[in-house]
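Asker: Have a look at this prediction, sequence included:
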Amino acid sequence: MKKYAPLYIIALALSFTACGPSTQITESWRDPNVTIDTNNIHKFVVAALMRNSATRHQIEDDMAARFPGKSVQSYKVFGDAELKDEDDVYNKRLKREGYDGIVMMRLVDVNNTTHYVPGSPSPYYIGWRSYWRYSWTGFYDPGYYTTDKTYDVEVTVYSLKRNKLIWTANTSTVNPSGRKELFSEVSKVVVNKMQKEGFLK
């Protein structure tokens, strides 16, 4: 006799799969006239625009680790205080110190989506013996609601030499385990996108 997995087990397995973090780029734009050769980059600033300095440091450390020797954390360049001088002051300073550009990431929005996961099915339709066996060995498992959290992160790349935006994207991540993991996942997806479209090589 064939044994079939109860529907609630399948539903539960699917819910676990859905809970894993997944990042997608919802939209992006690049300057079609710009291609970045990492061999020609001197150095650039990576910034996570967050008020919590500890989390910011962790995220920027992760971002900088993806381009060792090329990228420098913004907290090491500007410190943790708010930037209050005029834009031109910082631009001149960064150019003077040999920076080519700045990559910034910020959390734009967080949305909650509720889903219903059905419980175990009734065995009535199988026959009285199946119903008897089911009732003797198991109990009804009621359905429940689960909530997915979707985090929208924006990534922007500015060229100091060209003095303009050269790449930007909006991303969407479902159920990250933390802020550091969220931005780390976004970084992976964004770099992969840049490489695939020929912006970064």
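Answerer: Now that the structure is in, tell me what you want to look at.

Asker: CA only for contacts and neighbour counts going forward, please
Answerer: Will do.

Asker: nearest residue to the residue most central in space within the chain other than its sequence neighbours?
Answerer: Centroid-nearest residue in the chain: residue 186, 3.5 Å away (criterion: Cα atoms, centre = their mean). Among residues not flanking residue 186 along the chain, residue 23 sits closest, at 6.4 Å (Cα to Cα, 6 or more residues apart in numbering).

Asker: can I assume that neighbour sits in a helix?
Answerer: No: looking at residue 23 with DSSP: H, G, I helix; E, B strand; the rest coil, it is strand, so not inside a helix.

Asker: pretty sure it contacts residue 171?
Answerer: Yes: at 6.7 Å, residue 23 counts as touching residue 171 under the criterion of Cα atoms under 8 Å.

Asker: and for the two, which residues touch both?
Answerer: Jointly contacting residue 23 and residue 171 under the rule Cα atoms under 8 Å, 6 or more residues apart in numbering are residue 186.

Asker: Quick one: residues contacting the closest residue to residue 194 other than its chain neighbours.
Answerer: Nearest residue to residue 194, sequence neighbours excluded (Cα to Cα, 6+ apart): residue 200, at 5.2 Å. Shown in contact with residue 200 (Cα under 8 Å, 6+ apart): 35-38, 191, 194.

Asker: So which helix or strand of this protein has the lowest pLDDT on average?
Answerer: Ranked by mean pLDDT, DSSP states H and E, the weakest helix or strand in the chain is helix 7-18, scoring a mean of 35.

Asker: how far away is the residue nearest to the centre of the chain from residue 144?
Answerer: Applying Cα to Cα, to the nearest Å, the value for residue 186 to residue 144 is 30 Å.

Asker: Mind picking the lowest-pLDDT entry from the contacts of residue 200?
Answerer: Looking at the contacts of residue 200 by pLDDT, the weakest one is residue 38, with 82.

Asker: Give me the three-state assignment for residue 147.
Answerer: Under three-state DSSP, the three-state class of residue 147 is strand.

Asker: Neighbour-wise, give me the winner out of the contacts of residue 200.
Answerer: residue 194 (17 neighbours; other Cα atoms under 10 Å).

Asker: out of all of them, which helix in the protein is the longest?
Answerer: As assigned by DSSP state H, the longest helix anywhere in the chain is helix 179-196.

Asker: Now do the helices in the protein.
Answerer: Under DSSP H, the chain gives helices at 7-18, 53-65, 74-78, 87-96, 128-137, 179-196.

Asker: how about a markdown table for those, with distance to residue 105 added?
Answerer: Formatted as a markdown table, the helices of the chain follow (distance: least, Cα to Cα, whole Å):
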| stretch | distance to residue 105 |
| --- | --- |
| helix 7-18 | 25 |
| helix 53-65 | 9 |
| helix 74-78 | 11 |
| helix 87-96 | 18 |
| helix 128-137 | 53 |
| helix 179-196 | 8 |
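
Asker: what's the most buried one of those helices?
Answerer: The highest average neighbour count among the helices of the chain, using mean count of other Cα atoms under 10 Å, belongs to helix 53-65 at a mean of 19.
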